[in-house]
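Visitor: below is the structure, and that's it, no one-letter string:
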């Protein structure tokens, strides 16, 4: 999955520092990242290539620091603007570069949405002591937003419930949805399965989680069994396809980045029952 970057480790502790010339910049324009694609790697601008530009510390990996240009970035010669879905389709050596872009995008989105205080409307500024935006008028602190969501593998014997969204992502997927106010993650599983395909489920069990910066999500994966009637009643507004699929007939997504794909693969290969 996208966060699997061993032996490296993403150090997300906040350090209010200024970039050194060799440190790397994440620059977004219209939601697209400024990068170069060379020999299976993404090349990011260095601080030396944009002297004097305002930037904020993001994180470090393998002793190298990454900084964010917090608002709409300038055009940088030699770098292309590529969408996150475009980058996901590239053949990359390892997951590190894509994790860097997705996590930086998560924070870029949050900084942009947190420029003003939601309580009194005053312009905010970055805190010195932690990753937060601070209101100078009322003192409110705004922290990065993380949206909890579930991915659900619904099992019916040797079949798994496979879906496709009606619009957007074109590949096979699983039931998914955001946790609502007052819900546990397990209750989200029950509700989303009922809303999307009209099925009751039992034996809900946690599998694994994944950060997904495109939508500021923390995805939580669960497997469960169908309970009772197995007839699918598809939500036609959200899903274009929903069917029970035998293990050996499951078609995976074209990349290994997502929790959804790993869960489908685990079931296909007989590791989940």
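Guide: Here it is on my side, so go on. Just so it is clear, the model here is predicted, and its values are computed rather than measured.
Visitor: the stretch 101-250 of the chain: strands as residue ranges?
Guide: Under the criterion DSSP state E, counting those that start in this stretch, the stretch 101-250 of the chain contains strands at 125-126, 133-134, 141-142, 147-156, 159-165, 175-178, 201-212, 217-226, 239-246.
Visitor: export those strands as CSV, with columns for mean pLDDT.
Guide: Conversion of the strands of the stretch 101-250 of the chain to CSV gives the following (pLDDT from 0 to 100):
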stretch, mean pLDDT
strand 125-126, 94
strand 133-134, 96
strand 141-142, 97
strand 147-156, 98
strand 159-165, 96
strand 175-178, 96
strand 201-212, 97
strand 217-226, 97
strand 239-246, 95
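Visitor: can I get those strands in CSV with distance to residue 111 and mean neighbour count?
Guide: Every residue, glycine included, has its C-beta placed from N, CA and C. Below are the strands of the stretch 101-250 of the chain laid out as CSV (distance: least, CB to CB, whole Å; neighbours: other CB atoms under 10 Å):
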stretch, distance to residue 111, mean neighbour count
strand 125-126, 8, 14
strand 133-134, 7, 20
strand 141-142, 10, 16
strand 147-156, 16, 21
strand 159-165, 29, 20
strand 175-178, 22, 19
strand 201-212, 17, 17
strand 217-226, 17, 20
strand 239-246, 34, 16
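Visitor: want to try CSV for these, with distance to residue 81 as columns?
Guide: Converted to CSV, those look like this (distance: least, CB to CB, whole Å):
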stretch, distance to residue 81
strand 125-126, 25
strand 133-134, 26
strand 141-142, 28
strand 147-156, 25
strand 159-165, 25
strand 175-178, 28
strand 201-212, 21
strand 217-226, 23
strand 239-246, 30
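Visitor: tell me the contacts of the residue nearest to residue 109 when sequence neighbours are not counted?
Guide: Nearest non-adjacent residue to residue 109, counting by CB to CB, 6 or more residues apart in numbering: residue 216, 6.2 Å away. With contact taken as CB atoms under 8 Å, 6 or more residues apart in numbering, residue 216 is in contact with 106, 109, 110, 144, 145, 146, 147.
Visitor: could you flag which of those residues are buried?
Guide: 106, 109, 110 (16 or more other CB atoms under 10 Å).
Visitor: which residue lies nearest the spatial centre of the chain?
Guide: Closest to where the C-alpha atoms of the chain average out (CA atoms, centre = their mean) is residue 212, at 1.2 Å.
Visitor: wait, isn't it in contact with residue 221?
Guide: No - counting by CB atoms under 8 Å, residue 212 stays clear of residue 221, with 11.4 Å between them.
Visitor: picking up where we left off before, include pLDDT when you put the buried ones among the contacts of residue 216 into JSON lines, please.
Guide: Output for the buried ones among the contacts of residue 216, formatted as JSON lines (pLDDT from 0 to 100):
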{"residue": "106", "pLDDT": "96"}
{"residue": "109", "pLDDT": "95"}
{"residue": "110", "pLDDT": "96"}
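Visitor: among the residues you listed, which are located in helices?
Guide: Mapping the buried ones among the contacts of residue 216 onto helices (DSSP state H) picks out 106, 109, 110.
Visitor: ok, so of those, who is nearest residue 163?
Guide: Proximity to residue 163 was ranked across these by CB to CB; first place goes to residue 106, at 25.0 Å.
Visitor: care to break the chain down by domain?
Guide: For the chain, automatic domain parsing gives the domain ranges 10-112, 114-144, 147-268.
Visitor: list the buried residues for the shortest one?
Guide: Meaning domain 114-144. Buried residues in domain 114-144, counted by 16+ other CB under 10 Å: 114, 117, 124, 126, 131, 132, 133, 134, 135, 140, 142.
Visitor: ditto for stretch 74-94
Guide: Buried, per 16+ other CB under 10 Å, within stretch 74-94: 76, 79, 81, 82, 84, 87, 88, 92.
Visitor: kindly report the same for stretch 178-189.
Guide: By neighbour count on 16+ other CB under 10 Å, the buried set for stretch 178-189 is 179, 186, 188, 189.
Visitor: kind regards, and thank you for your time.
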